[in-house]
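Asks: Generate a structure from the sequence data that follows.
(one chain, ligands or ions: 1)
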Amino acid sequence: MNIINVISDKNVPQWGNGKKFIAIHYLGVVGQNNKVEAGGYGAHYYIYWDGTIYQAAKHDAVLWQVGTAGYYTQKHPEARNSNTIGIELCPKCDGNASNPSDPRWYFTKETQEACVWLVQKLMKDLGIPASHVLRHYDIVNKHCPAPYVNNNKYKTSWTWEEFKARLSDGSSGSGGGSAGGTGQMYRIRKSWADAASQIGAYENLDNAKAACKAGYTVYDKDGKAVYSVGASSGQMYRIRKSWSDAGSQIGAYESLENAKAACEAGYTVYDKDGKAVYSKAETWKATGTAVCGGNGVYVRSGPGKSHDPLGQLNKGQRFEIDGNDSGEWVHVKVAGIGIGYMHKDYVVYDQPTASAGGWKAIGTATCTGSNVNVRKGPGKSYDSYGKLGKGNRFEVDGKTSGSWTHIKVRLNGKDRIAWISSQYVKRD
Ligand SMILES: [Zn+2]
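Replies: Sure, this is the predicted structure:
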């Protein structure tokens, strides 16, 4: 058997076919044709009633043959115009040829036998497994090819299962020689022996290189490696608070999806070059606001000078606090910079006045200790406004942070919204 070369580039809509699948079609009309129609249906091969095979387009051509066209429903997870070689079988019909579901569509024995020979050859030349030989109908919900979708063995038609069974019967598979091609084929695999790992096959080496992914190698037709993207230089997604803060890493994944799934609030997924590709916002519940007390003050990714600067603030710039401080470092949220830490020396807490409505008391309480510090923040590291004695009274709003209670108290003639250690708070 041989292939008649009627290859034309004229109507090819796009180039760069990945050649992972083979789709079987029927022409849809009673007739014989071998023209690739740009913008409409088209296939790489056409097989006539007598079994003559025409190659109408190069394998690198991407033809509009199995797409949804905005109309059909995609059924196959992977097969697309961009990775599928198409074969049109010229059919006959004894019934209503305007109805694809008519049960009297059929293929001649010659057409089907030539198709088996061609598919076997393509499987071998392009490294395509039999499981990737599909009906158009298996890719989208189009009634094509009618004889193998009706699957009713009308006249000389086989069933689709019989067709598939013949692909593995060992006959044929060689000879011919692809018309128009150079005979060269570059396959992208993890290793030459691992044919199942193939992610593409190209006649053009540059196209193969462009499609080669980390951990894969481009092999020539004899299995000689000609290009590799090493696994060692391959992609790795690391989850950290910031790229330079390697100590904060909570995971590293080859798959971006896995890294995203493992990313926690306040962390970012970085690619191998340290470029942020995904971030999970930290849930932030402000307990107050403050302003920056110095110029050029760093907001850092973690509580300490060793952590990355996220940005800088100048005197008077405002930000939020949430009480989740760490040692001398105040947890802050700054518009335009994000969530980070600032040294307490530069944090000046806002004191909302009672009239500003910043305070909503839910009850009153009494101080049970002596010389109890009333602090600007929930921690011993915060400055003190002054001290309370046993029996002093204040308001509470229900907020706590760790072992600290949020209070409003009159102190030295001023209303202060502040924090005291919860162990000295006795609610009324
Ligand atoms: Zn079709």
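Asks: Name the residue of the stretch 151-300 of the chain that lies nearest to the ion.
Replies: Residue of the stretch 151-300 of the chain nearest the ion, by Cβ to the ion: Trp160 (13.5 Å). All C-beta spots, glycine's among them, are computed from the backbone N, C-alpha and C.
Asks: so how far is the ion from the residue lying closest to that residue once chain neighbours are set aside?
Replies: Nearest residue to Trp160, sequence neighbours excluded (Cβ to Cβ, 6 or more residues apart in numbering): Tyr148, at 4.1 Å. Distance, Tyr148 to the ion, using Cβ to the ion, to the nearest Å: 11 Å.
Asks: So Tyr148 belongs to a helix, correct?
Replies: Yes - assessed with DSSP: H, G, I helix; E, B strand; the rest coil, Tyr148 lies in a helix.
Asks: what kind of secondary structure is Asn207 in?
Replies: For Asn207, the secondary structure call by three-state DSSP comes out as helix.
Asks: so what's it up against?
Replies: Counting by Cβ atoms under 8 Å, 6 or more residues apart in numbering, Asn207 touches Gly16, Asp60, Tyr186.
Asks: Can you name the residues that contact the nearest residue to the last one once chain neighbours are set aside?
Replies: Spelled out, that is Tyr186. Counting by Cβ to Cβ, 6+ apart, Tyr186 lies nearest to Ala208, which is 3.7 Å off, once chain neighbours are set aside. Ala208 makes contact with Tyr186, Arg187, Ile188, Gly200, Ala201, Tyr202, Val218, Tyr227, according to Cβ under 8 Å, 6+ apart.
Asks: Work out for me the element the third one sits within.
Replies: Of the helices and strands defined by DSSP states H and E, Ile188 is found in strand 186-189.
Asks: who does that strand touch, helix- and strand-wise?
Replies: Under the contact definition 3 or more Cβ pairs under 8 Å, 6 or more residues apart in numbering; DSSP states H and E, strand 186-189 sits against strand 200-202, helix 205-211, strand 216-219.
Asks: Just send these back as JSON lines, with mean pLDDT and distance to the ion too.
Replies: Formatted as JSON lines, the helices and strands packed on strand 186-189 follow (pLDDT from 0 to 100; distance: least, Cβ to the ion, whole Å):
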{"stretch": "strand 200-202", "mean pLDDT": "83", "distance to the ion": "22"}
{"stretch": "helix 205-211", "mean pLDDT": "79", "distance to the ion": "25"}
{"stretch": "strand 216-219", "mean pLDDT": "86", "distance to the ion": "31"}
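Asks: Check these for me and report the most buried one.
Replies: Of all the helices and strands packed on strand 186-189, strand 200-202 has the most neighbours on average by mean count of other Cβ atoms under 10 Å, namely a mean of 26.
Asks: which strands and helices sit next to that one?
Replies: strand 186-189, helix 205-211.
Asks: before we move on, could you check phi and psi at the residue in the stretch 301-428 of the chain that the ion sits nearest to?
Replies: Ranking the residues of the stretch 301-428 of the chain by distance to the ion (Cβ to the ion) places Gly338 first, at 52.1 Å. Here is the backbone geometry of Gly338 (degrees, to the nearest 10): phi 110, psi -160.
Asks: what's around it, how many residues?
Replies: Using other Cβ atoms under 10 Å, Gly338 has 17 neighbouring residues.
Asks: Leaving out sequence neighbours, find the closest residue to it.
Replies: Leu310 (5.8 Å).
Asks: So what does the one you found have for phi and psi?
Replies: Dihedral angles of Leu310 (phi, psi; degrees, to the nearest 10) stand at phi -90, psi -20.
Asks: who are the neighbours in contact with it?
Replies: Ser242, Tyr298, Val299, Arg300, Ser301, Ile337, Gly338, Gly340.
Asks: And for Asp383?
Replies: Residues counted as contacts of Asp383 (Cβ under 8 Å, 6+ apart) are Lys344, Arg375, Lys376.
Asks: Mark which of those residues are part of strands, please.
Replies: Among the contacts of Asp383, the members found in strands (DSSP state E) are Arg375.
Asks: Identify, from the contacts of Asp383, the entry nearest to Phe394.
Replies: Arg375 (13.1 Å; Cβ to Cβ).
Asks: Now do the same contact list for that closest one.
Replies: Arg375 makes contact with Tyr382, Asp383, Ser384, Tyr385, Trp404, Ala418, Trp419, Ile420, according to Cβ under 8 Å, 6+ apart.
Asks: List only those of those residues flagged as buried.
Replies: For those, a neighbour count by 16 or more other Cβ atoms under 10 Å gives the buried set as Tyr382, Tyr385, Trp404, Ala418, Trp419, Ile420.
Asks: bridging residues for the closest residue to the fourth one other than its chain neighbours?
Replies: What that stands for is Ala418. Leaving out its chain neighbours, the residue that sits closest to Ala418 by Cβ to Cβ, 6+ apart is Val374, at 4.6 Å. Going by DSSP bridges, Val374 is paired in beta bridges with Gly386.
Asks: Against Asn204, how distant is Val374?
Replies: Separation of Val374 from Asn204 (Cβ to Cβ, to the nearest Å): 76 Å.
Asks: Looking at the two, which is more packed in?
Replies: Taking other Cβ under 10 Å, Val374 and Asn204 do not tie; Val374 has more neighbours (22 against 17).
Asks: List the contacts of the more buried one.
Replies: Counting by Cβ under 8 Å, 6+ apart, Val374 makes contact with Ser384, Tyr385, Gly386, Lys387, Leu388, Ile407, Val409, Leu411, Arg416, Ala418, Trp419, Ile420.
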